[in-house]
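**Q** fold the following and give me the result.
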Amino acid sequence: MKRKSTIPLDDHLPILNEMVEVGTDDFFYTRLKARLEKEEGGSEWNFPVKPAWLIATLFILLAVNCFTLIRQHNSTDLQNETSTIQSFAASYDQTINTSIQ
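**A** Sure, this is the predicted structure:
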């Protein structure tokens, strides 16, 4: 098989053969690894408490909040129902005796 080559390619190939591998300073990789570990460690955010405790506390607070809202809603509905019936009766000049007060 005949090799196809061009003149510019033939000019550049000897240059590539003359290239020498560049070395690094002593302990370069050790310093690089230490710097990367330092940067990774600095961006880490530590919780003062474990996430499991934090999630459990949030669920407890949510449950207490829901319980309080439901209890408040039930007492408000009872008061509104009584006042609504009485205001309706008053608008038609009727009297309603209710045992809920």
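
**Q** okay, CA-based contacts and neighbour counts for the rest of this
**A** OK.

**Q** now do the longest helix anywhere in the chain: distance to the chain's middle.
**A** In the chain, taking DSSP state H as the definition, the longest helix is helix 51-91. How far helix 51-91 lies from its chain's middle: 30 Å, per C-alpha atoms, centre = their mean, to the nearest Å.

**Q** over to stretch 9-23?
**A** 52 Å.

**Q** what do you get for stretch 30-38?
**A** 29 Å.

**Q** cool, and stretch 8-20?
**A** On C-alpha atoms, centre = their mean, the centre of stretch 8-20 falls 54 Å from that of its chain.

**Q** also stretch 16-26?
**A** 47 Å.

**Q** quick one: average pLDDT of it?
**A** Stretch 16-26 carries an average pLDDT of 82.

**Q** buried ones in it, by neighbour count?
**A** By neighbour count with 16 or more other C-alpha atoms under 10 Å, stretch 16-26 contains no buried residues.

**Q** got the end-to-end distance for it?
**A** 26 Å (C-alpha to C-alpha, to the nearest Å).

**Q** which other residues reach it?
**A** Residues from elsewhere that reach stretch 16-26 (C-alpha atoms under 8 Å, 6 or more residues apart in numbering): none.

**Q** quick check: the gap between R71 and I60.
**A** 17 Å.

**Q** can you check V22 too?
**A** 62 Å.

**Q** likewise V49?
**A** 16 Å.

**Q** neighbour count for the two, which is higher?
**A** Neighbour count, other C-alpha atoms under 10 Å: between V49 and I60, I60 has more, with 11 against 8.

**Q** could you measure the more buried one against T6, distance?
**A** Relative to T6, and taking C-alpha to C-alpha, I60 is found at 77 Å.

**Q** the worst-scoring helix or strand of the chain on mean pLDDT: what's the following helix or strand?
**A** Every helix and strand in the chain was compared by mean pLDDT, DSSP states H and E; the lowest is helix 7-18, with a mean of 79. As assigned by DSSP states H and E, the chain's next helix or strand after helix 7-18 is helix 28-42.
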